[in-house]
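# this is a predicted model, with the sequence first.
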Amino acid sequence: MNTTRKATISETIVKRAFIDSFKKLDPRIMVKNPVMFVVEIGFIVTLILTFFPTIFGGESEPIYNGMVSMILLITILFANFAESLAEGRGKAQADSLKKTKQDTKARLLQKDGSFKMVSSTELRKGDMIIVEAGELIASDGEIIKGVASVDESAITGESAPVIKESGGDFSSVTGGTRVISDSIKVRITTDPGESFLDRMINLVEGAKRQKTPNEIALNILLVSLTLIFLIVCTTLVPISSYVGVAIPVATLIALLVCLIPTTIGGLLSAIGIAGMDRVTQFNVIAMSGKAVEASGDINTIILDKTGTITHGNRMAASFITVEKVNHGELTKAALHSSLHDETPEGRSVIELAKKIGVSETEIDVNGSAGVEFKAETRMSGTDFSDGRQVRKGAVDAVKEYVKQQGGSIPSDLEEKTKMIAMEGGTPLAVAENNRILGLIYLKDTVKPGMKERFDELRKMGIKTVMCTGDNPLTAATIAREAGVDDFIAEAKPEDKIAVIKKEQAEGKLVAMTGDGTNDAPALAQADVGLAMNSGTIAAKEAANMVDLDSDPTKIIEVVAIGKQLLMTRGALTTFSIANDVAKYFAIIPAMFMVAIPQMSALNIMSLTTPQSAILAALIFNAIIIPLLIPLAMKGVKYVPMSSTKLLNRNLLIFGLGGVIVPFIGIKLIDLLLVLMNLV
Ligand SMILES: Nc1ncnc2c1ncn2[C@@H]1O[C@H](COP(=O)(O)OP(=O)(O)OP(=O)(O)O)[C@@H](O)[C@H]1O
Ligand SMILES: [K+]
Ligand SMILES: [Mg+2]
């Protein structure tokens, strides 16, 4: 689906990561990762000991010190490499996006109606520009007038052009995309440097990456463990001298590094970056790592109906009269109600009326004023200078409207409304003053494969709720067809927020997908707000994720990636700590073996010499990091099942595995060291 933005781990990325791992040795950068910073201090101390073996008093072997020092350096480089590699794909994407970001010329509209050519960097919020076919859109904005097909491949990677039009949910355009046909008038909505493309570059580049609350909490745990082991290792000095053993400083440092959680400490940020990156590979732009993490814990998903579950191109299919109303009269009224309605629905009504055959004079808008469609009123219409008022809208809204003017409700309205709704269509009632003339049948169909997608979510234990402004019958039909768990009909924007707040009050994490301006408050309220790239600027700004392919069901992939991120972090933490336990049993007996022969009983791995044992444990501690890079980057495999089952499975694999693997690994390295005559 995506060609330009998907970068694989290429040779260039690996090369850049290799160089970056050395740059990251800078202590000012290292200090941000306390566990690895301790390793770096250990490296420096052992390096000094290599050249000045007696500097801290007592005897020590320079070659052994040098070996420890080198292994420590490699350990740090491995950890840095993991992080650099994770960052690499984003950096490569940022490079290709920057190429898209060229300085373009724009036709800036002047007060007198003429236009002036200006550079895109001069455009400010509120400016009006005209973009003609073949031209690049200079900045983000909203179409005020016109319809055009736009090539958005520079941003989305999707080569098929999309239709953008004023009014309604498909009015936003992105800077850097190209108008293919027709001409549009655009109101600029961002200042230079704050455009969607700018934000996207910053995000994929990881320039402003912030640690998530979960990462911070885990870091605190890792730092605490490091402190505890620092104390343990320091207190070993008086204890050992009491039993008559002098432990070399290099050995103490090796022991400390083996005991502190270097595996997870070295891979933690790579896991986070890779998680964000996986979301990007799915063509979803996450504004923060926090949003990706939250999606892993989602309990409820709120989706709107039109354009999300259904195709959303609600087109007028037929006009249905009530009682004894003349068909021509209804057609005319439907047309009149839509004269100023800029929404796709409104335009489709005019199209249908023209197809049926109304005279051109009826389309004259002179002497009339439009009543804009609003999600709150769920009506639109026209007021004529002769006092005639024509409205169309949701049936209950129009019923209320005519009742207020003393009108009555046609006897067959309900039955005919029901007929449309039962088929999943949206019925709009048409009224002239206090008379209801009939109905407009807006057709819309459920997107294919919806049922399977919602089944998948159910398996993950996630509840789906469809929230629509449409009537309960249409809602019920679509809900049944799509297989959502629950639905809310006749929902106004504030109702959508209320649903989210209610779930949140029960301690649940809520995700919401939407595209309309009326969805924006709810998108902001939700823990995870996924806006469609096709949607309005307001929706995209309120959300913390934007789907470039405008596929609302992609929330499923995002949830899976979030879960995978949390699981990967948990699994590798478990593995890292279990590992350290095993290393303890490798080193401690070896350290005291000579002085306290009884300790040999604990030397269950029967490692050759104290030195071989320590070096083997330290080497294992280093190479486990690159060995786990693929897992950190790709994530632990996620299969939809309950979280308890998942937890048990992972504890078994990574907890038990974490104890067993080092025993085998350390023993093998020990044998190898002896074979190579290194100890
Ligand atoms: N152009 C229009 N003129 C008059 N009424 C409209 C128009 N468009 C929609 N309506 C009516 O208003 C209702 C609410 O429309 P809206 O698009 O805001 O729904 P929504 O809350 O976004 O939910 P969904 O997108 O799931 O349908 C529609 O169900 C329809 O009855
Ligand atoms: K360790
Ligand atoms: Mg909508």
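Thanks, I have it. Ligands and ions are numbered 1, 2, ... in the order given.

# poorly predicted segments of the stretch 1-150 of the chain, please.
By pLDDT under 70, the low-scoring segments of the stretch 1-150 of the chain are 1-8.

# do stretch 569-579 and ligand 2 meet at all?
No. Using CB under 5 Å from the ion, stretch 569-579 stays clear of ligand 2, coming no nearer than 6.7 Å. (C-beta placed from N, C-alpha, C; glycine too.)

# name the helices or strands packed onto the strand or helix carrying Lys645?
Assigned by DSSP states H and E, Lys645 belongs to helix 643-650. With contacts taken as 3 or more CB pairs under 8 Å, 6 or more residues apart in numbering; DSSP states H and E, helix 643-650 sits against helix 555-592.

# next SSE downstream of the helix it packs on?
Next element after helix 555-592 (DSSP H and E): helix 610-634.

# quick one: buried residues of that next one?
Within helix 610-634, the residues that count as buried by 16 or more other CB atoms under 10 Å are 610-622, 624-626, 628-629, 631-633.

# which strands or helices does that helix pack on?
Other helices and strands packing on helix 610-634, by 3+ CB pairs under 8 Å, 6+ apart, are helix 62-100, helix 249-259, helix 262-281, helix 555-592, helix 657-675.

# any idea how far the fourth one is from the middle of the chain?
Okay, so that is helix 555-592. Put simply, helix 555-592 sits 24 Å off its chain's centre (CA atoms, centre = their mean, to the nearest Å).

# can you list the neighbours in contact with the helix holding Lys645?
461, 567, 570-571, 574, 636 (CB atoms under 8 Å, 6 or more residues apart in numbering).

# now the helices: where do they sit in the stretch 301-450 of the chain?
Using DSSP state H, counting those that start in this stretch, the helices assigned to the stretch 301-450 of the chain run over residues 327-337, 344-356, 395-404, 413-422, 450-459.

# average pLDDT across the second one?
So the one you mean is helix 344-356. For helix 344-356, mean pLDDT is 92.

# do it and ligand 3 meet?
No. Using CB under 5 Å from the ion, helix 344-356 never reaches ligand 3; the gap is at least 10.8 Å.

# taking helix 327-337 as reference, get the angle to that helix.
140 degrees (axes from the mean of the first three to the mean of the last three CA atoms, to 10 degrees).

# of the contacts of helix 643-650, grab the buried ones for ChimeraX.
Under the burial definition 16+ other CB under 10 Å, those of the contacts of helix 643-650 that qualify are selected in ChimeraX by:
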select :567,570,571,574,636
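
# of all the contacts of helix 643-650, which two lie farthest apart?
Gly461 and Thr574 (22.1 Å; CB to CB).

# any idea which residue of the chain lies closest to ligand 2?
Closest contact between the chain and ligand 2, by CB to the ion, is at Thr262 (3.7 Å).

# quick one, grab the pLDDT at that residue.
96.

# contacts only, for it.
35-36, 39, 75, 79, 576, 621, 625.

# next one: Ile488
Ile488 touches 465-468, 475, 495, 499, counting by CB under 8 Å, 6+ apart.

# can you list phi and psi of it for me?
Ile488 adopts backbone torsions of phi -130, psi 120, taken as degrees, to the nearest 10.

# and Ser114, how many neighbours?
Residues lying near Ser114 (other CB atoms under 10 Å) number 9.

# check Asp485 too.
15.

# go on, Leu339?
Considering only other CB under 10 Å, Leu339 is surrounded by 21 other residues.

# likewise for Thr468?
Neighbour tally, Thr468, other CB under 10 Å: 24.

# now it: closest residue in space that isn't a chain neighbour?
Nearest residue to Thr468, sequence neighbours excluded (CB to CB, 6 or more residues apart in numbering): Lys305, at 3.7 Å.

# that neighbour and His336, how far apart?
Separation of Lys305 from His336 (CB to CB, to the nearest Å): 28 Å.

# with Lys125 instead?
For Lys125 relative to His336 (CB to CB), the value is 36 Å.

# which one of these two has more residues nearby?
Using other CB under 10 Å as the criterion, Lys125 and His336 rank with His336 on top: 27 against 14.

# contacting residues for the more buried one?
Counting by CB under 8 Å, 6+ apart, His336 has contacts 362, 368, 382, 384, 390, 432.

# next, count neighbours for the third one.
With neighbours defined by other CB under 10 Å, the count for Thr382 comes to 22.

# count residues in the vicinity of the nearest residue to Thr46 once chain neighbours are set aside, would you?
Spatial nearest neighbour of Thr46, excluding adjacent residues (CB to CB, 6+ apart): Ser69 at 3.7 Å. If you count neighbours by other CB under 10 Å, Ser69 ends up with 22.

# ok, Gly134 next?
9.

# same check, this time on Ala286
27.

# ditto for Gly307
Gly307: 26 neighbours (other CB under 10 Å).

# which non-adjacent residue is nearest it?
Closest residue to Gly307 apart from its sequence neighbours, by CB to CB, 6+ apart: Asp515 at 5.6 Å.

# got it, and Ile48?
Nearest non-adjacent residue to Ile48 (CB to CB, 6+ apart): Ile55, at 6.2 Å.

# does that neighbour belong to a helix, a strand or coil?
Judged by DSSP: H, G, I helix; E, B strand; the rest coil, the three-state class of Ile55 is coil.

# any idea how far it lies from Leu47?
From Ile55 to Leu47 the distance is 11 Å (CB to CB).

# which of these two has more neighbours?
The neighbour count for Ile55 versus Leu47, taken as other CB under 10 Å, is higher for Leu47 (17 against 12).

# contact partners for the more buried one?
Counting by CB under 8 Å, 6+ apart, Leu47 has contacts 66, 69.

# use 6 as the first number for this chain going forward.
Fine by me, first position is 6 from now on; the one you just mentioned is Leu52.

# what's around Val595, how many residues?
Heads up, residue 595 is Ala, not Val. Neighbours of Ala595 (other CB under 10 Å): 27.
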